[in-house]
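In: Sequence and predicted structure below; questions after.
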Amino acid sequence: MSQQDWMLMHRVAAGDEEAIGELYDRFSPLVYKVAWQFHPSQAEAEDAVQEIFIRLWQTADRFDPRRAKLVTWVMLIARRHLIDRLRRTSARPSTTPFESDLTSTDEPSGPDQRPQAEELNARLMKRIAELPELQRTVIERAYLQGYTLREISEQLEAPLGTIKSALSRGLSRLRERAAGDWAV
Amino acid sequence: MTSPTPMTREELIELAALDAFGLLDDYEAALYTRSFHHAPVAVQNEIKELQAAFAGEASLLPDVEPDPALRQRVLDAVSKAIEAESLNLAPLAMIGRPDRARPETAGRIGAGASTPVWRAAAFALAAALLVVAYFAGQFLERNNMLTGALIDLDTFQTVEDDIGPTFKDFVGNPTCTTRTLFPDRESDNDAFAVVYVNEQGQAFVFAACLPCKSGPFTVTATDPNDGSTEVDEQFACTSDVSGYQIKATLPTEAEILGRLTWTITDVSGTVLLQSAA
């Protein structure tokens, strides 16, 4: 698969429309979700997705399958772009982005999606809320709001290593709990 | 200048998620990547799997789906961006703009869709470079002549279109050190390559006449003193002239750069080009 992914990205870099379509079909659901996480409205998330796929085309020739799988690369480019976008607009999502924004003035992305999204996002926020305080704070600020670890270290006046460990452990714990939820 | 100690497997695993989400600072990200490349293949695979699991974990993301109409809007936006860059990069390209009506260019957009005229220009350039390379005297003089030939040619923009805009940063940069890679004397391949390394340790490989069908190619740089591998990366070519910016950052000490052994191998592992001892 990695060789096929490398060839796909090589074709994307060359501007092959079919390859760009294939890339979109494989990753747009994930990219859209993460775009919504940073910009919880359909219009803004869609704009962000367009920009991310342009960025993916611009960086396609840098993808190295021996360093990372394609999904990791795509999501890294997506997150970096979204964080840059947030910084450009000098706005950050609130610390409870899903609960507040999904019940505000945003347009729904589909007629049946809002209740399901609310339920699942509430579960995610509940899982985050159950984490130890430092892990919860660091995840909210780094993973959901796009602050760098150094910025969080300064905000919380805590050593960088502590912040790093808290984030790493918090993400692992969230993932384990999510796996547990699916298994139920 | 001494390199920091590579991270252990445990450290690599602990920071895998942060690296996958791009949350490490530049220094740590560079150290992480360097340590990753030093790690055994089994550990590399373990980390890749772990990072992919984190990156693709939809349960950490809101449960929303894109509107089906977004697909075409995204494809149109990318197409526009490619077209814009194509026009930006190739003011001479009025002779070689892709003709969308022609069946052979249908489905390809932007700079990748060169016309036969464009290709012919690139081929002529490759041939000229080949002649320069073979008839120049010493290695250093040869590199300088190659650089001069490239800078002076009217078809410079053509080369840039084919191998990317970063080309000029290296080939036109007098502070770059260069190494030339040649085929074995007994080989019948006509390819050659020049590696340019700038003062920041960033490197670019320019190659001509590689047999594209034998790609992807692997470019490696090893230090014969300790056997360490500084570069081990893949690239492809689509025409007679190709270029690739190396992702790894090389040491900047002239002594180390001078002793590195560079090779370019094809997909079967056959060494096509190597640097002189």
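Out: Yes, it's here. Numbering: from 1, shown residues only, chains lettered A, B, ... in the order given.
In: Geometrically speaking, which residue is the centre of chain A?
Out: Centroid-nearest residue in chain A: A:Val34, 3.6 Å away (criterion: C-alpha atoms, centre = their mean).
In: correct me, but that residue touches B:Leu61?
Out: Yes. Proximity of A:Val34 to B:Leu61 meets the contact threshold set by C-beta atoms under 8 Å, at 5.8 Å. (Glycine included, C-beta is placed from N, CA and C.)
In: got any ranges where chain A has weak pLDDT?
Out: A:1, A:89-123, A:178-184 (pLDDT under 70).
In: Now do the buried residues in stretch A:29-46.
Out: The neighbour-count check on stretch A:29-46 (16 or more other C-beta atoms under 10 Å in any protein chain shown) flags A:30-40, A:42, A:44-46 as buried.
In: do the same with stretch B:222-233
Out: Neighbour-count burial for stretch B:222-233 [16+ other C-beta under 10 Å]: B:222, B:230-231, B:233.
In: can you list those in CSV and add pLDDT, distance to chain A and secondary structure?
Out: Shown next, in CSV, are the buried residues of stretch B:222-233 (pLDDT from 0 to 100; distance: C-beta to the nearest C-beta, whole Å; DSSP: H, G, I helix; E, B strand; the rest coil):
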residue, pLDDT, distance to chain A, secondary structure
B:Thr222, 88, 16, strand
B:Glu230, 86, 15, strand
B:Val231, 89, 12, strand
B:Glu233, 89, 7, strand
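In: Count the neighbours of B:Glu65 for me.
Out: Counted with other C-beta atoms under 10 Å in any protein chain shown, residues neighbouring B:Glu65 total 16.
In: ok so it is a helix residue?
Out: No. B:Glu65: not assigned to a helix; according to DSSP: H, G, I helix; E, B strand; the rest coil it is coil.
In: Please report how far it lies from A:Leu23.
Out: Using C-beta to C-beta, to the nearest Å, B:Glu65 is found at 17 Å from A:Leu23.
In: Same check on B:Glu46?
Out: Per C-beta to C-beta, B:Glu46 is found 26 Å from A:Leu23.
In: Give the rounded mean pLDDT of stretch B:17-31.
Out: When pLDDT is averaged along stretch B:17-31, the result is 84.
In: Briefly note if that stretch comes near chain A.
Out: Yes. Using C-beta under 8 Å from any C-beta of the partner chain, stretch B:17-31 reaches chain A at B:17-18, B:20-25.
In: just the CA coordinates of that stretch, formatted as CSV?
Out: Only the C-alpha atoms of stretch B:17-31 are listed here, as CSV (Å, rounded to 0.1, in the frame of the first residue of the first chain):
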residue,chain,number,x,y,z
ALA,B,17,1.1,11.1,18.8
LEU,B,18,2.6,14.5,19.3
ASP,B,19,4.7,14.0,16.2
ALA,B,20,1.7,12.8,14.2
PHE,B,21,-0.3,15.9,15.2
GLY,B,22,2.5,18.2,14.5
LEU,B,23,2.7,19.4,18.1
LEU,B,24,6.5,19.1,18.6
ASP,B,25,8.6,22.2,18.1
ASP,B,26,11.0,22.4,15.2
TYR,B,27,14.0,21.2,17.1
GLU,B,28,12.2,18.2,18.6
ALA,B,29,10.5,17.3,15.4
ALA,B,30,13.9,17.2,13.6
LEU,B,31,15.4,15.1,16.4
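In: and for that stretch, what are the contacting residues?
Out: With contacts defined as C-beta atoms under 8 Å, 6 or more residues apart in numbering or on different chains, stretch B:17-31 is touched by A:68, A:72, A:75-76, A:79-80, A:83, A:142-143, A:148-150, A:164, A:167-168, A:171-172, B:4, B:6-7, B:15, B:32, B:50-52, B:54-55, B:249.
In: So A:Lys33 belongs to a helix, correct?
Out: Yes. Counting by three-state DSSP, A:Lys33 falls inside a helix.
In: what's the neighbour count on the nearest residue to B:Ala191 once chain neighbours are set aside?
Out: Among residues not flanking B:Ala191 along the chain, B:Cys209 sits closest, at 4.4 Å (C-beta to C-beta, 6 or more residues apart in numbering or on different chains). Close neighbours of B:Cys209, defined as other C-beta under 10 Å, add up to 21.
In: One more: A:Gln3?
Out: Residues contacting A:Gln3 under the criterion other C-beta under 10 Å number 11.
In: tell me the secondary structure for it?
Out: helix.
In: What of the one 3 residues further on?
Out: The three-state assignment at A:Trp6 reads helix, by three-state DSSP.
In: if I read this right, it contacts A:Phe63, doesn't it?
Out: Yes. Taking contacts as C-beta under 8 Å, A:Trp6 lies within contact range of A:Phe63: 6.8 Å.
In: Compare neighbour counts for these two and give me the winner.
Out: Taking other C-beta under 10 Å, A:Trp6 and A:Phe63 do not tie; A:Phe63 has more neighbours (24 against 18).
In: so what's the more buried one closest to, chain neighbours aside?
Out: Using C-beta to C-beta, 6+ apart, the nearest residue to A:Phe63 is A:Met9, at 4.3 Å.
In: who touches that neighbour in this structure?
Out: Counting by C-beta under 8 Å, 6+ apart, A:Met9 has contacts A:23, A:60-61, A:63, A:70.
In: how far away is it from B:Ser86?
Out: Taking C-beta to C-beta, one finds A:Met9 at 19 Å from B:Ser86.
In: In chain B, what helix or strand scores lowest on average pLDDT?
Out: Between all helices and strands in chain B, the lowest mean by mean pLDDT, DSSP states H and E belongs to helix B:139-152, at a mean of 48.
In: Give me the pLDDT for whichever residue of the stretch 151-277 of chain B sits closest to chain A.
Out: In the stretch 151-277 of chain B, the residue that lies nearest chain A is B:Ala236 (5.4 Å; C-beta to the nearest C-beta). With respect to pLDDT, B:Ala236 scores 83.
In: My read is that it contacts A:Ala14, right?
Out: No. Judged on C-beta under 8 Å, B:Ala236 makes no contact with A:Ala14 at a distance of 9.4 Å.
In: Please, where are all the helices along chain A?
Out: Along chain A, the segments classed as helices by DSSP state H run A:2-13, A:17-38, A:42-59, A:70-89, A:97-102, A:113-129, A:133-138, A:149-156, A:160-183.
In: The stretch 1-150 of chain B too?
Out: For the stretch 1-150 of chain B, the helices defined by DSSP state H, counting those that start in this stretch occupy B:9-14, B:16-20, B:26-38, B:41-55, B:70-89, B:116-135, B:139-152.
In: weakest of the ones you listed by average pLDDT?
Out: Of all these, mean pLDDT reaches its minimum on helix B:139-152 (a mean of 48).
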